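**Q** Need a 3D model of the following:
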Amino acid sequence: MTTSLTGSFGTYGNMIKDGLEAGLYCSTEGTNEVDGKPIEFVYADDGGDPEQTLAAATRMVGDGINILTGTTSSAAAMQLGHFAEQQNLLYISGAAGIDDVTGLNANTFRASRQAYQEAAALSSVLEKNNNKTVVLAQDYAFGQKYASTITGILESSGSEVEKVLVPLDTNEFTPYARRISELKPDLLIVVYYGDGAPSMWQAMSQQGILDTTTVASVLVEKPHWSIYGDAAEKINFVTHYYPGAPGGEMNECLTERVPNADLSTHDGFVAAQQIVHALSTAGPDDVEGMIEALDGWSFEAPKGPMTIRSGDHALLQDMYLVSLSDNDGELVAHTVGNVGSEAAKP
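**A** Residues are numbered from 1 along each chain as shown. The predicted model follows:
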C-alpha cells in the first residue's frame, strides 16, 4: 500500500490503512488468510508526493509485490494506474476522486466514488428543473473540471448555470459571496476544499445566502465538520459514506473494528474486499485472472451494494443525501435521501 500517512493527505491515508485492515479481517472471517495463506500489507508513506508514490511502488514491485492500493491524491492515482499497466499489476485506487481513473486501463480499479457521482448527487438536490444554479469552485484543474461536469448535468435538464471560480490563494470571500447574492440562484453548489473553507462559509452566512438559497456541498470527514460554522445545519450535503451511515453486516463489522469509520476508512475496506475476492478466485500470481475476477463483480460493501462495471471499472453505488444537526454541542449526520446507482452512474 502506497499512501500518505503524513503531510496534507495524512488523515486520509491513515483512514484508508485502518479500513484496509478492517476489510481484510471482515472479508476473511477474522483469519486474515486466503486459502490458508496469510495476507500481509506492506506500507509506504509517500507524504502526498506523486514522485515518492512511484518510487515506493517501484521498490515494492522489486520485492515481488503485484497488488497496489491506497493512494489518496488524484495525481498519484493516475501515475500508479499507468505504472500498473506497464508492470502488469493489479491496482486499486484509494480515495482519489478523479474521473480519469475510470477506464484508464484493464489493470486499474477503484475503491471509492468518483467526482461524477458526487456531481450527479449535488445536481439532484433541487428537484425541479429549469432552475438557476450557481457553482462555486476553486480555480484550478480539478475545480474547473468538477464545475464543468455539474454544468453539463444541469444544462441537460434545462437549467441555467453560472460558474463562480475562486483563486486558490483567496482569503477574502466577501466579493464572491456578494456576486452570488446578486445572481439570486435557486441552487448554489459549493465545491470548495482547503484552508479557506471556514472563511468562505462565514462569508456566505454573513451575506444571508443560506437563508434565501438552497445550498448543496460534498460532506467532508467528521473531524473537519467545524469548517461549516453556523452554516452547518443549513447545507444539503452529499456523500458516499459518513460516520453512522446505515448498512448491513459488513458495516457492523467495520464499525466494530474502527468505531470512528469515515469516508476514507470505507474506501480502504472496499479495497480489501476486492483484494480478497481477487486472490481467492485467481491466486496471487495470476494478475490476468485477478483482473477477470473483479471485472463486473457485484458485492455487499459496508454502505450496501456495489458493482464494478465491466470494461471501464467504474464503481457503481448509491450516493447519500445528508443533513447535519446539533446534538448537545456535537454535529450529527442523518440520511435524508439517496441518489440511486443508476442515476449517479458516470
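**Q** the strands in the stretch 101-250 of the chain, which residues?
**A** Listed in chain order, the strands found in the stretch 101-250 of the chain under DSSP state E, counting those that start in this stretch are 108-110, 132-138, 160-166, 187-191, 214-218, 235-239.
**Q** I'd like those strands laid out as CSV, including distance to T31 and mean neighbour count.
**A** C-betas here are computed from N, CA, C, even on glycine. Below are those laid out as CSV (distance: least, Cβ to Cβ, whole Å; neighbours: other Cβ atoms under 10 Å):
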stretch, distance to T31, mean neighbour count
strand 108-110, 24, 28
strand 132-138, 45, 23
strand 160-166, 50, 16
strand 187-191, 42, 24
strand 214-218, 36, 22
strand 235-239, 32, 24
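**Q** Same list (those strands) but as TSV, adding distance to N260 and mean pLDDT.
**A** TSV is the format used below for those (distance: least, Cβ to Cβ, whole Å; pLDDT from 0 to 100):
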stretch	distance to N260	mean pLDDT
strand 108-110	23	97
strand 132-138	28	94
strand 160-166	31	95
strand 187-191	25	95
strand 214-218	20	95
strand 235-239	16	97
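**Q** Now that we have the ones you listed, can you turn them into a markdown table and tack on distance to S93?
**A** Putting the strands of the stretch 101-250 of the chain into a markdown table (distance: least, Cβ to Cβ, whole Å) gives the following:
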| stretch | distance to S93 |
| --- | --- |
| strand 108-110 | 4 |
| strand 132-138 | 22 |
| strand 160-166 | 27 |
| strand 187-191 | 20 |
| strand 214-218 | 18 |
| strand 235-239 | 18 |
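**Q** biggest helix in the protein by residues?
**A** Scanning the chain for the helix with the most residues, using DSSP state H, yields helix 263-282.
**Q** Could you check the angle it makes with strand 235-239?
**A** Inter-element angle recorded for helix 263-282 and strand 235-239: 20 degrees (by axes from the mean of the first three to the mean of the last three Cα atoms, to 10 degrees).
**Q** quick one: buried residues of the helix or strand following helix 263-282?
**A** Counting by DSSP states H and E, the next helix or strand C-terminal to helix 263-282 is helix 287-294. In terms of neighbour count (16 or more other Cβ atoms under 10 Å), helix 287-294 has its buried residues at 287, 289-291, 293-294.
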